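Asker: Pasting the sequence and the predicted coordinates here, then a few questions.
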Amino acid sequence: MIGEVDTGDQILPACQTMLPDLLLLDINMPIVSGLDALEQLRAHNLSVHVIIISGYSEFEYAKRGIRHGAFDYLLKPIDSKELTECLSKAHRQILENQETTRLKILPHHSSSELADLLDRPESVPDFWDESYILGNHASCCAVIEIDNFYEVLKNHNHIDFMKSQIQSALLKQTSTKPAVFYNDWNRLTVILLGEPHPSHVFRPLCDGSLLDLSISIGLSSMGSIYQVKQLLREAEDAIQLKFILGSRSFIPYDSQLMRRLSETPFYFPKQEILNAFRTGQSGILSEALKGYYCSIQPSTNFQFLKAQSYDVFIQASYYLQSRGILLEQQFLQDATSSFSHLETVMELEKWMCSSLSGLISQMPDSQNANGPIINASLHYLQQHMYDSDLTLERMANELHVNASYLSHIFKKSQNIGLNSYIQKERMAFALTLINSSHLKMSEIASMCGYKDPVYFGKCVKNYFGLSFSQLRDSCLTEPETRCPDHAD
């Protein structure tokens with residue numbers, strides 16, 4: 001109990017002077033009512049928790065108080081048990097808010113923008129108070145990547161929910177002040193100041209005990225706060241090794257390892273194996289796999305080889321799903337489980353043959369004459385769907401077929417014109433971004449492959465029958481296209 005006032009006009013100056021955490025406020029006060037005083041507090045951005053106490057039972061008073069951010073509303077005569085519960089709840093909320101203030105959430109920056117920002121030492125005090133910087137010179141940088149991001153997005157439905165989980169877990173692991181930047185859609189960059197044991201902070205986030213998300217982390221070495229651009233590069237180099245080590249990887253930066261990997265050439269015929277897989281013939285696939293795996297020996301590149309092999313398996317799975325083929329979940333789980341125990345090239349070759357042949361067995365029996373072209377076109381679209389320069393002519397040139405012929409067989413095979421297919425996929429992605437983020441229309445337009453935000457807005461209006469802002473407010477999740485299929 002740090003203060004008490006008798007009239008409503010004394011509330012604002014008293015709170016400005018004493019900065020209380022909690023205010024018990026009577027509605028019926030002389031000179032200025034309690035509700036008017038509450039409005040004054042909010043107008044001056046005072047974030048004190050307010051519990052309104054009144055003998056008035058009219059709901060309008062409660063609604064007005066809640067509208068201006070009252071934490072709770074109690075009626076006289078006060079029940080002691082009810083008051084105790086209310087104070088306990090307020091106490092928990094205040095402690096949570098105090099914990100959250102340690103976390104500095106900074107605006108969205110791409111990796112390149114963040115690197116440019118950190119290259120200016122004068123910008124560093126914008127992230128932390130100068131007194132905090134002077135007392136904590138050691139710093140490190142971590143890049144946190146959400147594994148299998150688009151699959152996770154389907155389950156959690158909102159990006160902010162995923163990122164808030166990571167932030168909350170991060171705060172539990174350190175007593176310092178982390179600065180968090182959102183960047184690259186599925187990544188967060190964290191700068192940690194004054195933490196002597198950063199590995200102890202970040203490693204537990206990857207092992208699954210603190211999060212129900214799967215994340216991987218690349219961690220820089222320790223350095224001065226004014227070396228953060230270099231530390232950021234180290235963290236980004238480290239997170240690249242996730243593709244070698246797999247999901248839930250904690251990867252401290254190792255300069256010697258990075259130098260050795262950069263000097264070691266590595267080739268993996270991913271496209272050739274995927275092309276053999278798309279023929280739907282296990283014999284052709286087995287020959288392609290044996291021809292490659294028999295030509296190499298176990299070496300320091302084995303982890304690279306494992307990562308690339310598993311990526312082919314995932315790409316093959318996505319390919320079948322894009323064709324509307326439902327995969328047996330038990331098969332996928334068994335294949336993934338057995339993969340983690342592979343230790344030699346021979347074992348890896350057998351696993352690839354078995355797993356990819358198992359996927360082929362789930363394909364339809366018949367393959368039409370234009371199957372390879374359609375398969376190649378769908379694969380091309382999967383890789384370039386959100387490129388702003390994607391056109392029928394460019395795609396036909398890449399696939400070495402006539403553009404008119406490609407358009408004809410694509411529509412016959414997929415029951416939708418090529419341009420309509422592209423628009424359908426882009427609009428579905430745009431809807432996901434609108435519902436799960438606070439990105440601007442221009443940002444979403446760029447991510448969906450549209451150079452001109454105005455044109456993108458017209459496409460949204462034509463497709464959904466709603467403007468961009470109306471679509472965001474509507475929370476539409478399953479669109480029914482309003483535009484007819486084009487002749488393409």
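Answerer: Okay, I see it.

Asker: Point out where the stretch 151-300 of the chain drops to low pLDDT.
Answerer: 151-160, 183-185, 243-246, 257-267, 296-300 (pLDDT under 70).

Asker: Let me see the ranges of the helices in the stretch 1-150 of the chain.
Answerer: 11-18, 34-43, 59-67, 80-100, 111-118, 130-135, 149-156 (DSSP state H, counting those that start in this stretch).

Asker: which one of these has the lowest average pLDDT?
Answerer: Ranked by mean pLDDT, the helices of the stretch 1-150 of the chain end with helix 130-135 at the bottom, a mean of 47.

Asker: Spatially central residue for the chain, please.
Answerer: Asn186 (3.3 Å; CA atoms, centre = their mean).

Asker: wait, isn't that one in contact with Ile144?
Answerer: No. Using CB atoms under 8 Å, Asn186 makes no contact with Ile144, being 9.4 Å away. All C-beta spots, glycine's among them, are computed from the backbone N, C-alpha and C.

Asker: Give the helix, strand or coil label for Ala179.
Answerer: Here Ala179 is strand, with the state taken from DSSP: H, G, I helix; E, B strand; the rest coil.

Asker: And for it, the neighbour number?
Answerer: Number of residues near Ala179 (other CB atoms under 10 Å) recorded here: 20.

Asker: Quick check: it touching Val190?
Answerer: Yes. At 7.1 Å, Ala179 counts as touching Val190 under the criterion of CB under 8 Å.

Asker: Identify the contacts common to the two.
Answerer: Both Ala179 and Val190 lack any common contacting residue under the criterion CB atoms under 8 Å, 6 or more residues apart in numbering.

Asker: what about Ser33, how many residues close to it?
Answerer: Neighbours of Ser33 (other CB under 10 Å): 17.

Asker: And for Ala316?
Answerer: Neighbours of Ala316 using other CB under 10 Å come to 20.

Asker: okay but it is in contact with Ser357, surely?
Answerer: No. Using CB under 8 Å, Ala316 is not in contact with Ser357, being 10.6 Å away.

Asker: what's around Gln240, how many residues?
Answerer: What Gln240 shows, counting by other CB under 10 Å, is a neighbour count of 14.

Asker: same check, this time on Asn419
Answerer: 17.

Asker: Quickly find the element holding it.
Answerer: helix 418-436 (DSSP states H and E).

Asker: Show me which residues of the helix or strand just after that helix are buried.
Answerer: Counting by DSSP H and E, the next helix or strand C-terminal to helix 418-436 is helix 441-447. By neighbour count on 16 or more other CB atoms under 10 Å, the buried set for helix 441-447 is 441, 444-447.

Asker: between the residues you listed, which is closest to Tyr386?
Answerer: Met447 (6.5 Å; CB to CB).

Asker: what's the offset of the host helix or strand of Lys306 from the middle of its chain?
Answerer: Applying DSSP H and E as the criterion places Lys306 in helix 302-322. Centre-to-centre, helix 302-322 and its host chain are 21 Å apart (CA atoms, centre = their mean, to the nearest Å).

Asker: Just the strands from this protein, written as ranges.
Answerer: 22-26, 49-54, 72-75, 104-106, 138-146, 178-183, 187-193, 215-219, 223-224, 250-252 (DSSP state E).

Asker: of all those strands, which lies closest to Met363?
Answerer: Of all the strands of the chain, strand 138-146 comes closest under CB to CB, at 30.9 Å.

Asker: Could you measure from the spatially closest residue to Cys141 that is not a sequence neighbour over to Pro198?
Answerer: The shortest distance from Cys141 to any non-neighbouring residue, by CB to CB, 6 or more residues apart in numbering, is to Leu231 (3.9 Å). Going from Leu231 to Pro198 by CB to CB, to the nearest Å gives 11 Å.

Asker: Are there residues contacting both of those two? Which ones?
Answerer: Common neighbours of Leu231 and Pro198 (CB under 8 Å, 6+ apart) are Cys140.

Asker: I'd like to know how far Ser413 sits from Leu232.
Answerer: Taken as CB to CB, the span from Ser413 to Leu232 is 46 Å.

Asker: These two - which one has more neighbours?
Answerer: Neighbour count, other CB under 10 Å: between Ser413 and Leu232, Leu232 has more, with 23 against 16.

Asker: Quick check: that one touching Thr189?
Answerer: Yes. Look at Leu232 against Thr189 with CB under 8 Å: they come within range, at 6.8 Å.

Asker: per-residue confidence at Ser354?
Answerer: Confidence score, pLDDT, at Ser354: 86.
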